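S.K.: give me a model of this one.
(one chain, ligands or ions: 1)
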Amino acid sequence: MTAAPASTNTIPGVSPDIYSSADFAQIAKIIYGAAGIVLPQGKAMLVYSRLAPLVRAAGSVTFSKYIELIGEDAAELNKTVAALTTNHTFFYREAHHFEHLRNELRPHLLEKLRHRQPVRVWSAGCSSGEETWSIVMSLLGPDRSSGINMARSDLRVLASDIAPHAIQKAEAATYPVKDLSPVPEELRRVWTTEKGGDAVMADAMRQIVRFRLLNLHGDWPIKGHFDFIFCRNVMIYFDNPTKERLVKRFADVLEPGGFLYIGHSERVTGPAANDFQLVGPTIYRKRAA
Ligand SMILES: C[S@@+](CC[C@H](N)C(=O)[O-])C[C@H]1O[C@@H](n2cnc3c(N)ncnc32)[C@H](O)[C@@H]1O
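M.R.: Now for the predicted structure:
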């Protein structure tokens with residue numbers, strides 16, 4: 001990433017003394033280093049509008065002053081990263097993944113649980129939780145008592161994101177009822193209850209999910225292996241080297257025969273792609289050793 005000349009006016013009506021294309025280039029470099037997120041030049045306006053409130057709240061008059069601050073203050077840097085994430089998500093997004101989960105994986109996972117074996121799931125880049133709850137409803141299935149039995153067995157779901165505001169919303173587990181409309185009725189009916197116009201996720205589901213702040217670009221405090229990982233519409237923000245590293249790390253933490261679900265416009269790339277077999281649209285299976 002090359003820095004543009006300092007005097008360039010980036011945003012019409014905003015003095016380059018306040019926010020210049022050099023400031024944008026520096027912020028893009030910092031965010032790439034911290035979170036692997038690539039901010040192309042076309043995002044200069046977005047960066048301005050998302051960060052201007054933080055710049056003001058920090059008492060900095062110019063973006064360059066604020067850049068100095070995030071260089072020294074890790075908490076402020078985290079706020080900057082979170083502010084620049086895109087958290088768009090919705091229930092049952094890319095429905096074919098949940099159908100695959102229900103029809104192809106669930107029977108096998110049920111067997112594992114019946115034999116007292118652990119089942120581990122990761123919703124990586126879960127945003128505000130709609131993906132995670134869609135996974136859990138699909139896993140527990142339409143029969144309440146068998147779902148409750150599953151939830152009481154050794155089934156755990158890790159749901160992680162880099163953005164604290166997203167994790168907070170995910171943990172609240174409460175959404176406007178209309179947001180649940182893409183979820184099959186037989187799952188919604190069993191696993192959510194309505195309260196004052198909101199849909200609240202059932203306690204049985206909440207007990208098996210752990211929401212965590214986690215930077216996919218950093219260390220993963222993870223023990224054991226996952227039966228499947230959802231990492232959808234996250235890698236689109238990364239460049240190829242970062243994607244390839246991530247795919248390799250996912251391969252390392254998946255069980256042999258485990259599944260990786262990615263977003264509709266994403267691809268498993270790099271040397272670790274050989275560890276996977278494409279088994280459905282954007283559904284990959286880790287080859288047995
Ligand atoms: C567009 S949302 C996708 C949400 C969900 N997976 C889906 O497909 O609907 C992308 C999420 O990835 C998260 N993200 C971006 N970079 C990340 C990183 N380095 N580590 C962890 N999460 C990250 C963002 O905070 C955001 O919530």
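S.K.: what ranges do the helices span in the stretch 101-250 of the chain?
M.R.: Remark: helices assigned in the stretch 101-250 of the chain by DSSP state H, counting those that start in this stretch are 106-114, 130-140, 144-152, 164-172, 185-191, 203-206, 240-253.
S.K.: pLDDT score assigned to the most centrally placed residue in the chain?
M.R.: Centroid-nearest residue in the chain: Gly125, 1.1 Å away (criterion: CA atoms, centre = their mean). What the model reports as pLDDT for Gly125 is 98.
S.K.: name the residues of the stretch 151-289 of the chain found near the ligand, please.
M.R.: Neighbours of the ligand within the stretch 151-289 of the chain, by CB under 6 Å from any ligand atom: Asp161, Ile162, Ala163, Ala166, Asn215, Leu216, His217, Arg232, Asn233, Val234, Tyr237, Gly263. To be clear about C-beta, it is placed using only N, CA and C from the backbone, and glycine gets the same treatment.
S.K.: looking at those residues, point me to the pair that's furthest apart.
M.R.: Largest separation among those by CB to CB: Asn215 and Gly263, giving 18.7 Å.
S.K.: more crowded one of those two?
M.R.: Legend: neighbour count by other CB atoms under 10 Å for Asn215 and Gly263, higher for Gly263 (18 against 15).
S.K.: ok, that one touching Pro281?
M.R.: No: if you go by CB atoms under 8 Å, Gly263 and Pro281 don't touch, sitting 10.9 Å apart.
S.K.: okay, angle between the longest strand along the chain and helix 240-253 too, please.
M.R.: Ordering each strand of the chain by length in residues (DSSP state E) puts strand 254-262 first. For strand 254-262 against helix 240-253, the angle by axes from the mean of the first three to the mean of the last three CA atoms, to 10 degrees is 140 degrees.
S.K.: paired strands for strand 254-262, with orientation please.
M.R.: Applying DSSP bridges, strand 254-262 is found paired with strand 226-231 (parallel), strand 283-286 (antiparallel).
S.K.: of all the ones you listed, which one comes closest to Phe276?
M.R.: The closest of the strands paired with strand 254-262 to Phe276 is strand 283-286. By CB to CB, the value is 4.0 Å.
S.K.: just the residues contacting the closest one, thanks.
M.R.: Residues from elsewhere that reach strand 283-286, judged by CB atoms under 8 Å, 6 or more residues apart in numbering: 97, 100, 251, 254-262, 268, 275-279.
S.K.: how does it look with 6 Å?
M.R.: Contact with strand 283-286 is made by 100, 251, 254, 256, 258-261, 268, 275-279, as judged by CB atoms under 6 Å, 6 or more residues apart in numbering.
S.K.: same question for stretch 194-214.
M.R.: Taking CB under 6 Å, 6+ apart as the rule, stretch 194-214 contacts 133, 136, 148, 151, 155-160, 164, 167, 170-171, 173-175, 177, 180, 191-193.
S.K.: repeat that with 8 Å
M.R.: 124, 126, 129, 132-133, 136-137, 140, 147-148, 151, 155-162, 164, 167, 170-171, 173-177, 179-180, 188, 190-193, 220-221.
S.K.: quick check: chain neighbours aside, which residue is closest to Ala289?
M.R.: With CB to CB, 6 or more residues apart in numbering as the criterion, Ala289 has its nearest non-adjacent residue at 5.2 Å, and that residue is Pro256.
S.K.: residues in contact with the one you found?
M.R.: By CB under 8 Å, 6+ apart, Pro256 lies in contact with Lys286, Arg287, Ala288, Ala289.
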